[in-house]
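# here is my input, please return the structure:
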Amino acid sequence: MRAASAKCDVPYAATLLLAVIGISTSVQPVSAAGCMFAAQGEGRVADVIDVRTLRLSDGNEIRLAGIESIVSSSKPNDLAALIAGRDVILYGENDMPDRYGRQPAFVFADPAEPSLQVQLLAQGAALASGTISDTACAAELSAAEGSARRLKRGIWTQTNAIKNAESPGDILADVGRFVLVEGRVLSVRQAGTVTYLNFGRRWTQDFAVTISRRMMTAFETAGITLKSLERRHIRVRGWVEKRGGPRIEALAVGQIEVVGDN
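Residues are numbered from 1 along each chain as shown. From the prediction side, this is the model:
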């Protein structure tokens, strides 16, 4: 089932903190805006495990790269309706499995159509992960999610689809889940090897985004000075942790998006 290797797959993007996506065949782009991917295999879908995981008839499990499921509303049927029983082609940077033995890939039933990732995002059945680093790639995912948000499809019919950074209790209710949080950065502070984007004055209780020193080069390469985010209105996506108050660790530049000025 495995095949050649080529280029692309990692963090996603946004407004000031750009990083975006697209998809393609091994030598021809699948979409005009997409980035270049190598074909990594093909097969027939035998089972849909969840909204971003499928099993092929040869037993290989495929994980849709660049998106995350929505715990409250993502259903296997969302993916099954698009792909059940169909032949698919896989594209990506390489075919190395993750630690659970699943192959991350961008998946197409028809190279002339958008990837499954883009289709799910456009339905409001998934969220962009913010972990696709190629800027040409992240754009397509971002645009698909944005379209669903504007048209109020899927998760975007819910009034709390994006959490308020000023409501730490509401965010803590989603510990261990992938969420979007929006609010104004009150201060940017460094403590040891970690930089904190604080959204409240009660540092041990209010919501904060953490960025480790090892991520600084990535932000600098993207032209982002973390201090410049102070007083800016941003949207952050990631997994909620409880460290006193709710925290999201930014492991990719694309997890942070500036959505408004002062």
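# remind me which helix or strand residue 217 belongs to.
helix 216-221 (DSSP states H and E).
# then that helix to CSV, C-alphas only?
Extracted in CSV, the C-alpha atoms of helix 216-221 (Å, rounded to 0.1, in the frame of the first residue of the first chain):
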residue,chain,number,x,y,z
MET,A,216,10.7,30.6,19.4
THR,A,217,12.6,30.0,16.2
ALA,A,218,9.4,29.0,14.4
PHE,A,219,7.7,32.2,15.5
GLU,A,220,10.7,34.3,14.6
THR,A,221,10.9,32.7,11.2
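# so which elements touch whichever helix or strand comes after it?
Following helix 216-221 in sequence order, the next helix or strand is strand 233-243 (DSSP H and E). Here strand 233-243 touches helix 168-172, strand 178-184, strand 245-249, strand 256-260, going by 3 or more Cβ pairs under 8 Å, 6 or more residues apart in numbering; DSSP states H and E. Every residue, glycine included, has its C-beta placed from N, CA and C.
# partner strands of the last one and their direction?
In the sheet containing strand 256-260, its partner strands are strand 233-243 (antiparallel), by DSSP bridges.
# list the contacts of the strand it pairs with.
Strand 233-243 has contacts (Cβ atoms under 8 Å, 6 or more residues apart in numbering) with 14, 68, 127-130, 162, 171-172, 174-185, 197, 209, 246-251, 255-261.
# now which of those would you call buried?
Neighbour-count burial (16 or more other Cβ atoms under 10 Å) applied to the contacts of strand 233-243 gives 14, 68, 127-130, 162, 171-172, 174, 178-183, 185, 197, 209, 246-251, 255-258.
# give me the number of residues near the nearest residue to residue 157 once chain neighbours are set aside?
Counting by Cβ to Cβ, 6 or more residues apart in numbering, residue 157 lies nearest to residue 124, which is 7.5 Å off, once chain neighbours are set aside. Residue 124 has 25 neighbours, counted by other Cβ atoms under 10 Å.
# which among the helices and strands packed on strand 233-243 is found nearest to residue 60?
strand 178-184 (24.4 Å; Cβ to Cβ).
# may I have the helix or strand following that closest one exported as PDB, CA atoms only?
Reading on from strand 178-184 to the C-terminus, the next helix or strand found by DSSP H and E is strand 187-191. Only the C-alpha atoms of strand 187-191 are listed here, as PDB (Å, rounded to 0.1, in the frame of the first residue of the first chain):
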ATOM      1  CA  SER A 187       0.000  40.500  28.900                       C
ATOM      2  CA  VAL A 188       3.000  38.600  27.600                       C
ATOM      3  CA  ARG A 189       5.400  37.300  30.200                       C
ATOM      4  CA  GLN A 190       8.300  34.900  30.300                       C
ATOM      5  CA  ALA A 191       9.000  32.600  33.200                       C
END
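# rounded mean pLDDT for whatever helix or strand comes next after strand 187-191, please.
Next along the chain after strand 187-191, taking DSSP H and E as the criterion, comes strand 194-198. The average pLDDT within strand 194-198 is 96.
# what does stretch 178-188 give?
97.
# what does that stretch rub up against?
Counting by Cβ under 8 Å, 6+ apart, 68-71, 127, 129, 161-166, 171, 195-201, 207, 226-227, 229-240, 248, 259 sit against stretch 178-188.
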